[in-house]
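sequence and predicted structure are below.
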Amino acid sequence: MKTLVIGCTGKVGSVVMKKLADQGVTVRCMSRSSDKLRGLPSGVEGHVADLDDPGTLTAAFSGVDSVFLVNTVSPSETRQGLAAVEEATSARVKKIVYLSVSMPEGSTHIPHFGGKIPVENAIKQSNIAYTILRPNNFFQNDLALKDMIMQYGLYLPPIGSIGLNRVDVRDIAECVVNALTRPGFEGQTIAVHGPDTLTGNDIARIYSQYVGRDVRYGGNDLDVWVQRVKNVMPEWKVRDFRVMYKFYQDHGMVAGAADLERQQKLLGHKPRRFEDFVKEVAGEWKEAMARAA
């Protein structure tokens with residue numbers, strides 16, 4: 001079996017690629033950048049192609065049995081996803097696993113949530129065996145916040161006071177790999193969550209416990225958040241994420257018991273806890289700061 005991993009240098013795709021290779025699956029790793037394909041694990045085939053340029057996709061999809069599809073959040077992600085499904089259909093791919101997003105009722109007005117619906121529908125109509133995974137907010141999104149947390153003691157994302165069942169990328173990747181390599185999950189849409197419902201204050205408290213300094217939550221004022229990030233994020237993404245955070249504040253993104261039970265059948269173990277993730281990365285951050293001192 002040969003599996004095409006799209007987005008193989010990203011948060012989830014890089015872990016999926018390694019886990020598949022470790023299981024002896026033949027992997028083709030697709031990226032837009034030849035530089036990012038350097039240093040791939042032994043036996044992993046690198047292929048340069050771009051979902052925004054469908055003419056580059058035929059060779060990337062040729063001869064593969066299964067596909068892991070994930071798109072970066074971008075204004076063109078729906079078009080990218082549809083191009084991938086069309087190419088998978090033409091290439092007679094046998095199975096596709098698509099990384100969508102946790103999408104509770106009333107959330108599809110969030111641009112990068114609703115933009116995934118046409119891709120999900122195209123997959124369902126493609127006659128390809130599929131599993132759609134809908135993960136909650138990633139623990140690993142916080143890695144980009146290292147300096148703000150460690151230097152300024154501030155956790156900025158305005159996720160609110162209802163809470164999210166945030167999830168570890170490693171658990172998402174294990175779900176992807178199991179859906180690709182094991183039977184019994186075809187034709188299903190499965191939510192992927194962490195075990196704990198975390199508010200902004202909960203997250204700041206957990207970081208305070210492990211990073212060696214007080215960390216405070218930046219609060220729920222979305223206008224303040226926009227002012228803080230508008231010079232470091234594209235305008236379209238600021239608009240998109242503002243809508244997302246408003247939904248989080250109003251409704252949260254909380255896992256139900258049935259979702260967690262169904263997820264565990266795919267994952268094969270209990271999901272990782274956010275506190276364990278923070279303990280791990282805080283140790284790495286402190287070591288890095290000590291080396292730099």
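Now that the structure is in, tell me what you want to look at.

quick one, strands of the stretch 1-150 of the chain?
Shown for the stretch 1-150 of the chain, the strands assigned by DSSP state E, counting those that start in this stretch span residues 2-6, 26-31, 45-48, 66-69, 95-99, 129-135.

Serialize the ones you listed to a markdown table and add fields for mean pLDDT, mean neighbour count and distance to H193.
In short, each C-beta sits where N, CA and C put it, glycine included. Output for these, formatted as a markdown table (pLDDT from 0 to 100; neighbours: other CB atoms under 10 Å; distance: least, CB to CB, whole Å):
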| stretch | mean pLDDT | mean neighbour count | distance to H193 |
| --- | --- | --- | --- |
| strand 2-6 | 97 | 26 | 23 |
| strand 26-31 | 95 | 23 | 27 |
| strand 45-48 | 94 | 16 | 32 |
| strand 66-69 | 98 | 26 | 20 |
| strand 95-99 | 98 | 25 | 14 |
| strand 129-135 | 98 | 22 | 8 |
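
to L156, which of those lies closest?
L156 lies closest to strand 129-135 among those, at 21.3 Å (CB to CB).

what is that closest one packed up against?
Counting contacts by 3 or more CB pairs under 8 Å, 6 or more residues apart in numbering; DSSP states H and E, strand 129-135 is packed against strand 95-99, helix 117-124, helix 169-181, strand 188-192.

average pLDDT across the last one?
So the one you mean is strand 188-192. The average pLDDT for strand 188-192 rounds to 98.

gap between that strand and the chain center?
Centre-to-centre, strand 188-192 and its host chain are 14 Å apart (CA atoms, centre = their mean, to the nearest Å).

ok, residues contacting that strand?
With CB atoms under 8 Å, 6 or more residues apart in numbering as the test, strand 188-192 has contacts from 100, 102, 120, 131-136, 167, 171-172, 175, 179, 255, 259, 262-263, 266-267, 271.

rerun at 10 Å
By CB atoms under 10 Å, 6 or more residues apart in numbering, the residues outside strand 188-192 that reach it are 98-104, 120, 123-124, 130-136, 165, 167-168, 171-172, 174-176, 179, 253, 255-256, 258-260, 262-263, 265-267, 271.

can you say which of the residues you listed are buried?
98-104, 120, 123, 130-136, 165, 167-168, 171-172, 174-176, 179, 253, 255, 259-260, 263, 266-267, 271 (16 or more other CB atoms under 10 Å).

if we can go back for a sec, mind putting the helices and strands packed on strand 129-135 into a markdown table with distance to Q209?
Shown next, in a markdown table, are the helices and strands packed on strand 129-135 (distance: least, CB to CB, whole Å):
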| stretch | distance to Q209 |
| --- | --- |
| strand 95-99 | 31 |
| helix 117-124 | 38 |
| helix 169-181 | 21 |
| strand 188-192 | 26 |
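
for G24, which of the ones you listed is the nearest?
Closest approach to G24 among those (CB to CB): helix 169-181, 9.9 Å.

packing partners for that closest one?
strand 2-6, helix 13-22, strand 66-69, strand 95-99, strand 129-135, strand 188-192, helix 257-267 (3 or more CB pairs under 10 Å, 6 or more residues apart in numbering; DSSP states H and E).

any residues touching the helix ranked longest in the chain, and which ones?
Identified as the longest helix of the chain according to DSSP state H is helix 274-292. Contacts to helix 274-292, defined as CB under 10 Å, 6+ apart, come from residues 138-140, 142-143, 146-147, 149-151, 164-170, 194-196, 198, 202-203, 205-212, 272-273.

show me the contacts for the spatially closest residue to A91 that is not a sequence neighbour.
Leaving aside its chain neighbours, A91 sits nearest to F61 (4.0 Å; criterion: CB to CB, 6 or more residues apart in numbering). Counting by CB under 10 Å, 6+ apart, F61 touches 4, 6, 28, 30, 47, 49, 67, 84, 86-93.

swap in 8 Å and give it another go.
L4, V67, E87, A88, S90, A91, V93.

same deal with R216?
Residues near R216 by CB under 8 Å, 6+ apart: G153, L154, Y155, A204.

go on, N136?
Residues in contact with N136 (CB under 8 Å, 6+ apart) are S102, L164, N165, R166, V167, A191, V192, H193, G194, M253, A255.

who's the spatially closest residue to S34 that is not a sequence neighbour bridged to?
Of all residues not flanking S34 in the chain, V48 sits nearest, at 5.1 Å (CB to CB, 6+ apart). Using DSSP bridges, the bridge partners assigned to V48 are S31.
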